[in-house]
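[1] model this:
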Amino acid sequence: MIAAVQAAGIEHPWAHQALAAEHALDGDSVVVATGTASGKSLAYLVPVLSTLLDGSEAPNGRGTTALYLAPTKALAADQCRSVKELSQPLGNAVRPAVYDGDTPFEEREWIRQYGNYVLTNPDMLHRGILPSHPRWSSFLKSLEYVVIDECHTYRGVFGSHVAQVLRRLRRLCARYGSSPVFLLASATAAEPSVAARRLTGLPVVEVADDASPRGELVFALWEPPLTELHGERGAPVRRTATAETADLLTDLTVQGVRSVAFVRSRRGAELISVIAQERLAEVDRSLVRRVAAYRGGYLPEERRALERALHSGELLGLAATTALELGVDVSGLDAVVIAGYPGTRASLWQQAGRAGRSGQGALAVLVARDDPLDTFLVHHPEALFDQPVESTVLDPDNPYVLAPHLCAAAAELPLTEQDMDLFGPACADVLPQLEAAKLLRRRTRAWHWTRRERAADLTDIRGAGGSPVQVVEADTGRLLGTVDAGAAHSAVHEGAVHLHQGRTYLVRSLDLEDSVALVEQADPPYSTVARDTTSIAVLETDTEIPWGAGRLCYGSVEVTNQVVSFLRRRLITGEVLGETKLDLPPRTLRTRAVWWTVTDDQLDEARVNPEILGGSLHAAEHASIGMLPLFATCDRWDIGGVSVPLHPDTLLPTVFVYDGHPGGAGFAERAFHTARAWLTATREAIASCECEAGCPSCIQSPKCGNGNDPLHKRGAVRLLTVLLRGAPEEQPESAAGQDEGRPQAPEEKRGGAPAQEPAEPAPAPRGPLST
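    Model prediction:
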């Protein structure tokens with residue numbers, strides 16, 4: 001251990017680094033949950049390097065090995081650079097190598113045979129390493145440590161898949177006679193040992209006392225000003241977070257401040273980069289090349305070039321998606337601009353922590369989008385700064401997740417009764433279904449994979465649902481990048497604007513059978529936003545409780561969704577220029593949902609008549625979706641909703657909020673168990689908004705399939721008031737976890753003027769309204 005510490009250049013390790021290393025060297029799996037830039041990487045590198053240096057030779061003569069898992073390729077590449085620098089004085093004892101989809105085939109055999117510190121991602125472990133485990137036998141036989149970096153990102157469906165991939169890894173390691181120690185790191189996590197145990201299936205020691213020095217962080221909440229423009233139904237419109245962020249990035253670059261602007265979407269990153277470059281060209285053309293975009297979907301050589309430019313200081317400003325959020329060591333950053341609340345407090349502090357990584361003071365700015373949650377947060381900063389980060393939500397027993405991994409495990413080694421404890425109690429229900437589907441066959445005491453195709457290809461662990469769509473330049477045939485299959489209908493439909501490396505393209509055609517979108521370079525003065533419609537059917541009600549005369553329910557649903565049109569919005573202002581119809585096939589989703597109903601008596605009490613019922617339900621649905629990320633570890637785009645004045649299954653006015661992933665992701669369950677606080681905060685967000693009849697800051701949704709019509713702000717407030725009056729004082733808790741780390745809804749309004757009486761909309765339709 002002493003040699004490893006000296007090689008790492010640590011004269012006096014911080015207390016949390018030393019404690020974590022001691023636990024790891026004693027054979028305890030450990031999670032280090034300390035602040036950003038607190039030296040977590042050294043906390044796990046010290047035991048790893050020490051073991052690789054001092055470990056006795058394995059029977060195959062190879063020596064001990066270690067595996068590092070990162071959620072992104074960029075982070076794995078960054079960590080490989082760091083390990084090579086640290087281990088240089090140790091000679092050839094440590095042989096780090098990245099093994100992912102970008103690794104040249106001629107290098108892969110050398111890594112399998114000689115690499116003793118392999119850095120990869122869960123996707124490659126699932127698709128490449130575990131199915132080919134005989135070729136990795138010497139590596140797995142000698143495996144001492146598995147490092148899981150940024151483990152807070154493994155949540156929802158993705159986290160549930162990764163949990164099963166790790167169980168498959170542990171099973172194969174046991175087959176080859178090894179039992180590796182798991183070392184997990186996360187800058188931001190609530191109950192980190194609980195989350196780590198659910199992820200790995202093992203007991204995990206928690207190290208959470210941060211002993212590292214911290215520079216001052218100035219945090220600004222920035223609300224864009226109102227413009228003179230009017231949006232849908234005459235609503236007031238604020239300047240977009242994208243335009244404000246681009247201006248801030250421009251100003252910071254002109255002043256020589258090294259900055260990163262984090263954006264939630266690939267398109268947003270490209271757009272901010274383009275706008276900033278245009279602004280800089282008016283000031284100093286030499287600065288244009290010092291700003292760029294960084295996002296997923298780039299080709300490997302493009303990503304590596306950007307990473308080198310960022311590390312060298314050639315780039316001053318970068319507009320990036322979360323591909324750069326996760327731990328990439330960007331030393332010397334002075335400021336971070338966050339374009340819109342990233343969905344969780346965990347991600348907010350992770351992104352803000354990218355600034356000031358060398359211990360110096362730094363600036364973080366959260367630029368609010370024009371939506372209910374962002375507006376609520378800038379007027380209620382205590383919801384950000386006085387609350388701990390969220391619990392990590394994942395469900396490895398989700399049958400939609402478990403089934404393909406049981407098939408993959410059976411293809412790797414036949415499944416036996418002894419494996420049931422490892423994969424969880426849901427196996428007893430899922431295995432007979434796999435037998436009935438003729439995917440597995442039981443012979444004597446084991447289940448075998450029966451198909452000729454690869455079992456690992458049954459699922460995409462990131463939930464993309466199919467092969468990525470290739471974006472190809474029509475005139476040249478050049479591959480520009482890829483788009484996830486699940487996003488293709490809304491992102492690269494015919495007529496969509498597609499941004500890549502600062503260039504703008506129009507989608508000429510989308511071929512769903514061949515998974516190809518043909519594009520041509522263009523310069524339209526607008527962006528595009530897809531519109532969809534959604535219907536929902538109740539399959540099974542698991543739990544329901546009375547809320548006065550109404551009911552709060554949780555269970556299984558089937559959602560049918562279809563992208564039907566797209567809007568053209570003017571750049572910068574967001575003004576709607578027009579709508580174009582699309583002809584795309586519907587898609588169905590079986591998932592989990594929370595829903596609430598109201599009775600005629602409650603409608604009478606709330607003074608919600610049939611003319612405003614649809615708009616009142618629709619407005620409450622929009623706002624509740626916008627507020628749920630405060631109570632569940634999700635993003636607004638992870639969930640959907642439907643409101644129906646008379647639903648055929650409940651025979652009552654009903655609002656549904658559902659998980660946007662097959663089988664559910666735990667978000668709707670979390671909503672059910674925090675419903676009182678969640679819906680109280682929803683009512684507060686609507687009532688405290690200064691607008692008259694509803695706006696994007698309270699009840700309008702950027703992804704509404706009905707064009708935000710009808711909506712009735714006053715009716716939504718009255719309806720939620722009556723519903724909450726009947727809410728039980730104590731809400732039943734989920735078996736997966738308690739409400740620790742969740743914000744409580746405000747007891748009284750703290751910001752904005754009282755809601756004004758809005759004008760009555762036209763009579764509402766009796767069909768479903770979707771978001």
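
[2] so where is the stretch 551-700 of the chain shaky, pLDDT-wise?
    633, 635-636 (pLDDT under 70).

[3] got the residue ranges for the strands in it?
    576-581, 587-597, 639-644, 654-659 (DSSP state E, counting those that start in this stretch).

[4] Take these and write them to CSV, including distance to residue 414.
    All C-beta atoms are positioned from the backbone trio N, CA, C, and that covers glycine. Shown next, in CSV, are the strands of the stretch 551-700 of the chain (distance: least, C-beta to C-beta, whole Å):
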stretch, distance to residue 414
strand 576-581, 52
strand 587-597, 29
strand 639-644, 39
strand 654-659, 33
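
[5] closest one to residue 544 among those?
    Residue 544 sits nearest to strand 587-597 of all the strands of the stretch 551-700 of the chain, at 9.2 Å, using C-beta to C-beta.

[6] for the closest one, the distance to its chain's centre please.
    Between the centre of strand 587-597 and the centre of its host chain there is 20 Å, according to C-alpha atoms, centre = their mean, to the nearest Å.

[7] Convert that strand to PDB, retaining C-alpha atoms only.
    Only the C-alpha atoms of strand 587-597 are listed here, as PDB (Å, rounded to 0.1, in the frame of the first residue of the first chain):
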ATOM      1  CA  ARG A 587     -46.100   2.400 -30.000                       C
ATOM      2  CA  THR A 588     -47.400   0.500 -26.900                       C
ATOM      3  CA  LEU A 589     -45.900   0.400 -23.500                       C
ATOM      4  CA  ARG A 590     -46.800  -1.800 -20.500                       C
ATOM      5  CA  THR A 591     -45.600   0.000 -17.400                       C
ATOM      6  CA  ARG A 592     -46.500   1.200 -13.900                       C
ATOM      7  CA  ALA A 593     -48.600   4.300 -13.000                       C
ATOM      8  CA  VAL A 594     -50.100   6.300 -10.100                       C
ATOM      9  CA  TRP A 595     -53.600   7.800 -10.700                       C
ATOM     10  CA  TRP A 596     -56.200   9.700  -8.800                       C
ATOM     11  CA  THR A 597     -59.900  10.000  -9.300                       C
END
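
[8] relative orientation of that strand and strand 654-659 in degrees?
    Between strand 587-597 and strand 654-659, the angle comes out at 130 degrees (axes from the mean of the first three to the mean of the last three C-alpha atoms, to 10 degrees).

[9] Strand 587-597 pairs with which strands?
    strand 550-570 (antiparallel), strand 654-659 (antiparallel) (DSSP bridges).

[10] Can you list the buried residues in it?
    For strand 587-597, burial by neighbour count (16 or more other C-beta atoms under 10 Å) applies to 589, 591, 592, 593, 594, 595, 596, 597.

[11] can you count the residues close to the spatially closest residue to the fourth one that is not a sequence neighbour?
    Take residue 593 and drop its neighbours on the chain: the residue closest to it by C-beta to C-beta, 6 or more residues apart in numbering is residue 658, 3.7 Å away. Residue 658 has 27 neighbouring residues, counting by other C-beta atoms under 10 Å.

[12] same question, residue 458
    Using other C-beta under 10 Å, the number of residues around residue 458 comes to 16.

[13] Can you give me the distance of it to residue 638?
    Computed as C-beta to C-beta, to the nearest Å, the residue 458 to residue 638 distance reads 22 Å.

[14] now do residue 547
    Residue 547 is 25 Å from residue 638, by C-beta to C-beta.

[15] Out of the strands of the stretch 551-700 of the chain, flag the one nearest residue 216.
    strand 639-644 (36.2 Å).

[16] a markdown table for the strands paired with strand 587-597, including distance to residue 81?
    Shown next, in a markdown table, are the strands paired with strand 587-597 (distance: least, C-beta to C-beta, whole Å):
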| stretch | distance to residue 81 |
| --- | --- |
| strand 550-570 | 40 |
| strand 654-659 | 37 |
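
[17] closest to residue 183 out of these?
    Across the strands paired with strand 587-597, closest to residue 183 is strand 654-659 (C-beta to C-beta), at 30.7 Å.

[18] contacts for the closest one?
    Strand 654-659 is touched from outside by 536, 557, 559, 591-597, 617, 620-621, 624-625, 628, 638-644, 647, 665-668, 671, with contacts defined as C-beta atoms under 8 Å, 6 or more residues apart in numbering.

[19] Would you mind putting the CA coordinates of it into CSV?
    C-alpha atoms of strand 654-659 as CSV (Å, rounded to 0.1, in the frame of the first residue of the first chain):
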residue,chain,number,x,y,z
THR,A,654,-58.9,10.6,-13.7
VAL,A,655,-55.4,11.8,-13.8
PHE,A,656,-52.6,9.3,-14.6
VAL,A,657,-48.8,9.7,-14.2
TYR,A,658,-46.8,6.8,-15.5
ASP,A,659,-43.2,5.6,-15.9
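
[20] Please find the angle between the direction vectors of that strand and strand 639-644.
    Using the same axes, to 10 degrees: strand 654-659 against strand 639-644 is 160 degrees.

[21] can you pull the buried residues of strand 654-659?
    For strand 654-659, using 16+ other C-beta under 10 Å, the buried residues are 654, 655, 656, 657, 658, 659.
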